[in-house]
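**Q** Have a look; sequence and predicted model below, questions after that.
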Amino acid sequence: MNGLRRARFPIMFLGMLALFAGLWTGLLRLGWIVPPVRPELLLFHGPLMICGFLGTVIGLERAVALDRPWGYLAPLLSGAGSAVIIFTANYALGRNLITAGSLVFVIIFIEILKKQLAPFTVTMAIGSLLWFAGNILWLTGSPVSAVVPWWAGFLILTIGGERLDLSRLLSPPSQSYVVFFSAIAVFVAGVVMKPYYPAAGMELFGIGMLALTGWLVTHDIATRTVKQKGLTRFVAVCLLAGYFWLAVGGLFAFFGAKGGGLVAGSNIYDATLHALFLGFVFAMIFGHAPIIFPAVLQIPVIYTPFFYLHLALLEISLAVRIGGDLTSTPEAFKIGGLMNVASLLLFILNTAVGGVRGKLSQRA
């Protein structure tokens, strides 16, 4: 088992490598002058951020929880696939490795369901299937813009499942599960319909996100823990901020599709994706990182109020960027994007400092 613990660090490194490459290509796409990369790599900004970083980190977390050596193949393959994309021109191999990693991720959830068949594990298992299905589409030539809803489903259902599990602490009524799975059903229906009925599919996609937001705000324990102090309050603030952006993304998806403007490259498309993937998903990561990283890497992360700095910068940067989208102001869009990157780098710095302090406290 010590060997498996040591393997977590290089796998996490692969995930972080994908994150940095994703941020770098993001700056280039925004028009900032930074050392260039292969032009084709700019097309992989989204896949590197979602599959390379998020897929690898979430896969590593699940592999640790499963505690089976073969489970580590999921994050290893997705991380290795990202590295192949970054350092070589063999993009087909990179996509194949990432897809193989997502298949192992599905198998992990099959094992989890055998051990614990519960509403929250079923929700996350459906999310794993959406990631794998999206990767199959990507592998067979579908553009990233067509695959994004499937990848979004993977992340939304993963987070939704985790919050559903913790909602048990509030003893929610049985009807709440009906509402939760109704929201999930509408969302997944939108994902599946989009290739055939793009506008209707995205409308359902948006309605599902709005319904899920309503459920989370009503039943999540964060609405109570936000009144506490220290790390507990910080986590709750991150979660509630994330729910705000999930609702914003849902509104943009619904009205953007209704107006026919939700096409790749449009301002509303950019606003929808970054409200969802940055505003919602990364707010969740900010909140859970001080808890998940110690569990995965066995290094405590000591919380300080400075953690609010990267959260505040993320919120401000999104307001600037999305404001630029909605008002067609290229300067605001560009500056907001640079601030997005700065918020993530500050998050990494603050978390690393917290980890160093935690390691030193172990030795004391």
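**A** Perfect, I can see it now. Numbers count the residues shown, from 1 in each chain.

**Q** Run a quick neighbour tally on Asp270.
**A** Neighbours of Asp270 under the rule other Cβ atoms under 10 Å: 18. For glycine as for every other residue, the C-beta is placed from the backbone atoms N, C-alpha and C.

**Q** Over to Ala271?
**A** 26.

**Q** how near is it to Ala332?
**A** For Ala271, the distance to Ala332 equals 12 Å [Cβ to Cβ, to the nearest Å].

**Q** Touching both of the two, which residues are there?
**A** Arg321 (Cβ atoms under 8 Å, 6 or more residues apart in numbering).

**Q** Could you measure from Arg6 over to Lys359?
**A** Distance of Arg6 to Lys359, computed by Cβ to Cβ: 16 Å.

**Q** With neighbour numbers in mind, choose between the two.
**A** With neighbours defined as other Cβ under 10 Å, Arg6 and Lys359 compare such that Lys359 has more, 14 against 9.

**Q** My read is that that one contacts Ile299, right?
**A** Yes: counting by Cβ atoms under 8 Å, Lys359 touches Ile299, with 5.7 Å between them.

**Q** which non-adjacent residue is nearest Phe187?
**A** Excluding the flanking residues, the one nearest Phe187 by Cβ to Cβ, 6 or more residues apart in numbering is Gly208, at 2.6 Å.

**Q** how about Leu169, what does it touch?
**A** Residues in contact with Leu169 (Cβ under 8 Å, 6+ apart) are Ile221.

**Q** Three-state assignment for it, please.
**A** Classification of Leu169 by DSSP: H, G, I helix; E, B strand; the rest coil places it in helix.

**Q** what does the one 3 residues further on give?
**A** The three-state assignment at Pro172 reads coil, by three-state DSSP.

**Q** so what's it up against?
**A** Counted by Cβ under 8 Å, 6+ apart, Pro172 has contacts His219.

**Q** Next up, phi/psi of it, please.
**A** The phi/psi pair for Pro172 (degrees, to the nearest 10) reads phi -70, psi 150.

**Q** For Asp165, which non-adjacent residue is closest in space?
**A** Phe120 (3.8 Å).

**Q** count of neighbours near the one you found?
**A** For Phe120, the neighbour count with other Cβ under 10 Å is 18.

**Q** ditto for the one 5 residues further on
**A** Counted with other Cβ under 10 Å, the neighbours of Ala125 add up to 21.

**Q** And the residue nearest to Asp165, what's its pLDDT?
**A** As predicted, Phe120 sits at a pLDDT of 95.

**Q** go on, Ser361?
**A** On the pLDDT scale, Ser361 gets 79.

**Q** That one and Val301: what is the separation?
**A** To Val301, Ser361 is 11 Å away according to Cβ to Cβ.

**Q** Compare neighbour counts for the two and give me the winner.
**A** Applying other Cβ under 10 Å to Ser361 and Val301 shows that Val301 carries more neighbours, namely 24 against 10.

**Q** List the contacts of that one.
**A** Contacts of Val301 (Cβ under 8 Å, 6+ apart): Ala289, Pro290, Phe293, Pro294, Thr351, Gly354, Gly355, Gly358.

**Q** The third one reaches Ile299, doesn't it?
**A** Meaning Phe293. Yes: using Cβ under 8 Å, Phe293 is in contact with Ile299, at 6.8 Å.

**Q** Find residues that contact each of those two.
**A** Common neighbours of Phe293 and Ile299 are listed as Gly355 (criterion: Cβ under 8 Å, 6+ apart).

**Q** higher neighbour count, these two?
**A** Counted by other Cβ under 10 Å, Phe293 and Ile299 do not tie: Phe293 has more neighbours, with 21 against 15.

**Q** what's the nearest residue to that one if we skip its chain neighbours?
**A** Val301 (5.4 Å).

**Q** Cheers, nothing more for now.
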